[in-house]
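K.L.:
Coordinates for the following, if possible.
(chains A and B)
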Amino acid sequence: MSTANNTPIAKVEYTKEKKVGEGTYAVVYLGTKQSTGRQIAVKEIKTSEFKDGLDMSAIREVKYLQEMQHDNVIELIDIFMAYDNLNLVLEFLPTDLEVIIKDKSILFTPADIKSWMLMTLRGVHHCHRNFILHRDLKPNNLLVSPDGIIKVADFGLARAIPAPHENLTSNVVTRWYRAPELLFGARHYTSAIDIWSVGVIFAELMLRIPYLPGQNDVDQMEVTFRALGTPTDKDWPEVSSFNSYNKLQIYPPPSTFELRKRFIAASENALKFMSGMLTMNPVKRWSAIECLESEYFQEMPPPTNPSEIPLPK
Amino acid sequence: MSPGTTTTTSRPGTSSSSSPSSSSLASFESELYLSRPYFTRRQISKLQSKTITDHRSYNSKKLTIVRYLSDLCVHLSFPRKTLETAIYYYQRYHLFHPFETELTYTLALGCLILSCKQVETITKINDIVNLSFVLRNGKPLPMTSPSSAVELENMKKRIFNLELKVLKSCSFDYRINNYIHIDEFIIKFGQKLNFHFQICHLAWIIEYDVFKLDLLLIIPQHVIALATLKLATELYGQDLEIWNKLETFTNLQVEKLSFKQAYFDILNFYINTFDLCDLKDNLPTDVPPISINEFMALKKRAGSEVGLEDITNNTSKFQQEIVDADPYLNINQNEFKMAREKRYVLSQDLIEQEVISLKK
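P.N.:
Numbering: from 1, shown residues only, chains lettered A, B, ... in the order given. A predicted model of the protein is given here:
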């Protein structure tokens, strides 16, 4: 028993064994939960380095992960303070989709991609039905467990779905995965921005290179609209009222033939599924439910069992 | 694990179950706090008995702080939920940390800044701190002078230090002030119950007076919202049948005893401390002037005062014994510096899983 007079060998529940990464607001360690022997990741929040106190990303991460428990969303296991530092204990996830896409030694099939998309969309749907926008979906934030399960992670930019009168910042989502309404600087947006990101990730999984790699914010508009067509008032009423619209080059949307050429291995339903997610008008863009109910998931081949999908060695 | 520090949630008026105190756990130098977002009034008294020596001073300072925070919120155009969350934090802090008069304004500022982060009304910290100087001293800090810059930085350091302490007082449980706020639920419930805009407006004014009570620590916000709506309908002279129907409460997921507790607490506030209320000076034009008499009549009509169990059984020795024996209410968070790890958990399941694993 631990008392002031009789101090035993101090044993804590969470150990930090190896530093595996460092971000702007946290250092990540691999560790073990002693009582169960479970491998875990500990995110140690840098509380002293911020001029604005506790970082918003840390607050958001805790706030939203506390609300959710789902197979396809990273689990926040615990929170603890040690030596005046705040630590978040998260489930240990050894790799992510970006690593898998870039590792050319790994061969994956259309059925593997379908399995990843299914798991990703289940995670995203769970966020949306809990009124949470992720706002930073990209392959790097889709972590993969040792048994192949995709977990949506990094809720540092997440926020609650806003009330109609609330203004938001459009400076969210990593550039290549940014929806057109964000590129136009919209001050109000919906869960449709996350679906766009999933659409771009789907294309990237099929191509194994980034689909819309803009060099900067202006170039991102050019790259996006050249690939997918410039939106017009006909499909997206009042889109031309965005300030930056007038400077745009008008490109036609790609024909079905062009899309087939770009994505040779994709079925008609896969292309329909992708086009649903990459619809310019956010109101017409597919919701997570529409995506999950699409024919793409009902046709052959069935999604691979996650444990059978190859992982990096 | 230090004995007595692992605690469990308890329903108001019931005892907390014992901690996992098997000897196999004893070698862990870790403290475990299971979040308890709400307390009963008796539990609050127990906690405050260790942190507040002069209740009169605390109560009068609290009124000043509510005014100070609301002035800041009005100047910064923050919604009511920012003020509500800041006041929850302020009161919660003093359940676990001593009330010190000289610290109150800095603490209030820290609570407001944290609240801004919680409810996403993000504003530059310097703007909030500078405005606080204006409101308290009548002029901003002269930013050209080096001493002012140092003063500002020191102030911010003190605030950030308090920020973590406030979060610890809440067991890092963000669920309480995340989606449910009184002002938003006044509108949502008002719409659901087909109330006129003016009823909701009056309830919104009553809500401001609620901040002067300790109800935020006892009752969930949506329940308080419904209680303010009931009072608003009554002040408009409406005697509605819906308040007698159980389905009104079940449909809105409002626990009836908690609702009654909130309703009677608000009525009692107006009856006992009418002079302190802001309602009387801010009545909408179509509401006739009110006095204590209206509230006394409402109380008389409401019948016997019922609410959460431990408050109605004021004389129950048994209830007090339970509170006295509750380890959660008896620890001083500052005293346990021995532990290398202080864990903040939201779910009883996690603790039970650990106990099972350790027993294997």
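K.L.:
use CA for all of it now, contacts and neighbours both
P.N.:
Will do.
K.L.:
Which parts of stretch A:209-222 count as buried, going by neighbours?
P.N.:
Using 16 or more other C-alpha atoms under 10 Å in any protein chain shown as the test for burial, stretch A:209-222 gives A:Pro210, A:Tyr211, A:Leu212, A:Gly214, A:Gln220, A:Met221, A:Glu222.
K.L.:
Kindly export it (C-alpha atoms) in CSV.
P.N.:
C-alpha atoms of stretch A:209-222 as CSV (Å, rounded to 0.1, in the frame of the first residue of the first chain):
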residue,chain,number,x,y,z
ILE,A,209,-1.3,8.6,-56.0
PRO,A,210,-3.1,11.7,-54.6
TYR,A,211,-6.1,12.5,-56.8
LEU,A,212,-6.2,16.3,-56.4
PRO,A,213,-2.7,17.5,-55.3
GLY,A,214,-2.9,21.3,-55.4
GLN,A,215,0.3,23.2,-54.8
ASN,A,216,-1.4,26.0,-52.9
ASP,A,217,-4.9,27.2,-52.1
VAL,A,218,-5.4,28.9,-55.5
ASP,A,219,-3.9,25.9,-57.4
GLN,A,220,-6.2,23.6,-55.4
MET,A,221,-9.2,25.2,-57.0
GLU,A,222,-7.7,24.9,-60.4
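K.L.:
How confident was the prediction at A:Leu142?
P.N.:
pLDDT, A:Leu142: 97.
K.L.:
element containing residue 166, please.
P.N.:
No chain was given, so I picked chain A. Under DSSP states H and E, no helix or strand contains A:Glu166.
K.L.:
wait, chain B
P.N.:
Using DSSP H and E, B:Val166 falls in helix B:146-169.
K.L.:
Now find how far off-centre that helix is within its chain.
P.N.:
From the chain centre to the centre of helix B:146-169 is a distance of 23 Å (C-alpha atoms, centre = their mean, to the nearest Å).
K.L.:
before we move on, what about stretch A:206-218?
P.N.:
Computed by C-alpha atoms, centre = their mean, the separation of stretch A:206-218 from the middle of its chain amounts to 16 Å.
K.L.:
which residues touch the host helix or strand of B:Asn59?
P.N.:
Using DSSP H and E, B:Asn59 sits in helix B:55-75. Counting contacts by C-alpha atoms under 8 Å, 6 or more residues apart in numbering or on different chains, the residues outside helix B:55-75 that touch it are B:52, B:79-80, B:82-83, B:86-87, B:99, B:101, B:104-105, B:108-109, B:112, B:128, B:131-132, B:135, B:211-212.
K.L.:
so what's the residue of chain B found nearest chain A closest to, chain neighbours aside?
P.N.:
Among all residues of chain B, B:Arg343 sits closest to chain A, at 4.1 Å; criterion: C-alpha to the nearest C-alpha. Sequence neighbours aside, A:Phe80 is the residue nearest to B:Arg343 in space, at 4.1 Å (criterion: C-alpha to C-alpha, 6 or more residues apart in numbering or on different chains).
K.L.:
so what's that neighbour up against?
P.N.:
Here A:Phe80 is in contact with A:Leu86, A:Asn87, A:Leu88, A:Val89, B:Glu341, B:Lys342, B:Arg343, B:Tyr344 (C-alpha under 8 Å, 6+ apart).
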